[in-house]
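Asker: sequence first, predicted model second:
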Amino acid sequence: MRLSLCFFMLILLPVATGVHAWLFCEHNVPVLKQEAMARLKAAGVRNAGVDVRFYDLAVTGEAPDPDSRQRALAAIRSLGPLRLQPSAERIHVLASLSARLDQNTLRLSGWFPEGDEAANAGRLLAELRPDLVINADGLHTSPEVRWPEGLKPPLTAASPLLKPIIDTLRVPAELHIHAKDDAIVLSGLLQDTALKEDLVATLAEVAGARVVDPAALKASPHVLPAAFAKPDLLTAFVKSFFAVPPPRSFDIQSDGIPHLEGVATRQMESRWLALLRPVTGAAKVDAHFTLVPSIYHFPGYQVQSKLPPEVIASVREALRSCVIVFDPGSARLTPAEQTKLAILAPTLLAAGPALGLVIGAHPDPAAPEKAEKDLGKARADAVMSFLVEQGVTATDIRAIVFDAVPATSPAAPASPRCVELLIK
């Protein structure tokens, strides 16, 4: 009897074990698998996968960072009675990169495998957007991070990790040049480094004693192309516009509309607009000029005379009070105006031939231009002839006709029929 019972138990044991295994796989494994999936998702694992083979467990997925990976694995290991072997831990951290623009600072964050690619990514972005400060404090490396399938270092601007960031950072071109008394300052963004260098070299030619400061002008292939960036045409305008005394400014955005401010004569205004036309096409120029009769009337004009400053100041004061007025339609000096010039002559003689004078006639802006130019030249010649008769040397005296300016201009003369004397 006992022997029979032993045989029966030996036969029943495998059957009971098999039934137990079947019941475990049928009822417990799906529950455990579902719990494992929930724990992986709670830890932030994407594309999670769980494979349970009796008591052995294998997991796959992508964790956002190494800390999340460790939390996910710890949660799975605590799921009894399943066993997680090291070879079955197939949760990976894929390299990631994100960026946030904070004013002029681009803040990078994410995870890279160990190596030099984190620094390389920052360097690439800095080259493409030199106007930004690249902050990579949030970009970390770890041996647990691997590159996504199909992505191999070194990174380039076309790499899937960088391209979305670069595409959002593309910016339009712009150019700003402001001339002050002591400096010409450039700023903005250009696509072509050669154009930047040409502009700086062109301004250096006409800057004189002023400093050319291009520190805020950046060039990058990441800047969008601009219609105004025509090297020869743009530099020709810049050279002409900034060759005259400051203050003045030139600003142009990607819309191609140039904004000009400064002091100008009518002839200068016409010349600059003609030079700008092929640069900007049909775009209307937004010009705000203070019109003056000549370059000698510019606030920033520096006299060419080598005389001592005190002599120049004395002559200027004498010239300021000696404005010669003519009768309408006449180029003949009246006795009263001859007396003014006779009193002025000794001051000019005392200054000597190094003085240099400009005798300029102001035309009437309301009268016909051709007739006013002819009459103005005759008036200026009449003043010069009288001074020469008084002994003033004609070595460095010019008789010219100034540009007409509106009567409302701050630089308009008191009388449109007058002749003004200025130091060159």
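Answerer: Looks like it came in fine.

Asker: what ranges does the stretch 51-200 of the chain have for its helices?
Answerer: Assigned by DSSP state H, counting those that start in this stretch, the helices in the stretch 51-200 of the chain fall at 66-77, 117-128, 163-169, 193-206.

Asker: now mean neighbour count and distance to residue 236 too, for those helices, in a markdown table please.
Answerer: Every C-beta, even on glycine, is put in place using the N, C-alpha and C of the backbone. Output for the helices of the stretch 51-200 of the chain, formatted as a markdown table (neighbours: other Cβ atoms under 10 Å; distance: least, Cβ to Cβ, whole Å):
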| stretch | mean neighbour count | distance to residue 236 |
| --- | --- | --- |
| helix 66-77 | 18 | 59 |
| helix 117-128 | 18 | 30 |
| helix 163-169 | 14 | 32 |
| helix 193-206 | 16 | 9 |
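
Asker: ok, which of the ones you listed comes nearest residue 245?
Answerer: Comparing the helices of the stretch 51-200 of the chain by their distance to residue 245 (Cβ to Cβ), the top pick is helix 193-206, with 10.6 Å.

Asker: what separates that closest one from the chain centre, distance-wise?
Answerer: Shown here is helix 193-206, whose average C-alpha point lies 15 Å from the average C-alpha point of the whole chain (Cα atoms, centre = their mean, to the nearest Å).

Asker: sorry, back to before: distance to residue 397 and mean pLDDT for the helices of the stretch 51-200 of the chain - can I get that in a markdown table?
Answerer: Formatted as a markdown table, the helices of the stretch 51-200 of the chain follow (distance: least, Cβ to Cβ, whole Å; pLDDT from 0 to 100):
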| stretch | distance to residue 397 | mean pLDDT |
| --- | --- | --- |
| helix 66-77 | 85 | 84 |
| helix 117-128 | 58 | 86 |
| helix 163-169 | 60 | 84 |
| helix 193-206 | 27 | 95 |
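
Asker: okay, those helices in JSON lines with distance to residue 91 next?
Answerer: As requested, these are arranged in JSON lines below (distance: least, Cβ to Cβ, whole Å):
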{"stretch": "helix 66-77", "distance to residue 91": "5"}
{"stretch": "helix 117-128", "distance to residue 91": "22"}
{"stretch": "helix 163-169", "distance to residue 91": "25"}
{"stretch": "helix 193-206", "distance to residue 91": "46"}
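
Asker: and residue 348, how close does it get to residue 32?
Answerer: Between residue 348 and residue 32 the distance is 110 Å, computed by Cβ to Cβ, to the nearest Å.

Asker: mind listing what residue 224 touches?
Answerer: 170, 171, 172, 173, 191, 254 (Cβ atoms under 8 Å, 6 or more residues apart in numbering).

Asker: hang on, isn't the first one packed against residue 220?
Answerer: No: between residue 170 and residue 220 there is no contact under Cβ atoms under 8 Å: 9.9 Å.

Asker: rewinding a little: compare the contacts of residue 224 and tell me which is most surrounded.
Answerer: Of all the contacts of residue 224, residue 173 has the most neighbours under the rule other Cβ atoms under 10 Å, reaching 23 neighbours.

Asker: now that residue: closest residue in space, sequence neighbours ignored.
Answerer: Taking Cβ to Cβ, 6 or more residues apart in numbering as the measure, residue 173 lies nearest to residue 226, with 3.5 Å between them; neighbours along the chain are not counted.

Asker: now do the helices in the stretch 251-400 of the chain.
Answerer: Under the criterion DSSP H, counting those that start in this stretch, helices of the stretch 251-400 of the chain are mapped to 266-280, 309-320, 335-351, 369-389.

Asker: using PDB, write out every CA atom in the longest one.
Answerer: If I follow you right, that is helix 369-389. Taking C-alpha atoms only, helix 369-389 is exported to PDB below (Å, rounded to 0.1, in the frame of the first residue of the first chain):
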ATOM      1  CA  GLU A 369      17.600 126.700 -61.500                       C
ATOM      2  CA  LYS A 370      19.700 127.500 -64.600                       C
ATOM      3  CA  ALA A 371      19.200 131.300 -64.300                       C
ATOM      4  CA  GLU A 372      20.000 131.200 -60.600                       C
ATOM      5  CA  LYS A 373      23.200 129.300 -61.100                       C
ATOM      6  CA  ASP A 374      24.400 131.700 -63.700                       C
ATOM      7  CA  LEU A 375      23.500 134.700 -61.600                       C
ATOM      8  CA  GLY A 376      25.000 133.100 -58.500                       C
ATOM      9  CA  LYS A 377      28.300 132.400 -60.200                       C
ATOM     10  CA  ALA A 378      28.500 136.000 -61.400                       C
ATOM     11  CA  ARG A 379      27.900 137.300 -57.900                       C
ATOM     12  CA  ALA A 380      30.600 135.000 -56.400                       C
ATOM     13  CA  ASP A 381      33.000 136.100 -59.100                       C
ATOM     14  CA  ALA A 382      32.300 139.800 -58.300                       C
ATOM     15  CA  VAL A 383      33.100 139.300 -54.600                       C
ATOM     16  CA  MET A 384      36.300 137.400 -55.500                       C
ATOM     17  CA  SER A 385      37.400 140.100 -57.900                       C
ATOM     18  CA  PHE A 386      36.900 142.800 -55.400                       C
ATOM     19  CA  LEU A 387      38.900 141.000 -52.700                       C
ATOM     20  CA  VAL A 388      41.800 140.400 -55.200                       C
ATOM     21  CA  GLU A 389      41.700 144.100 -56.000                       C
END
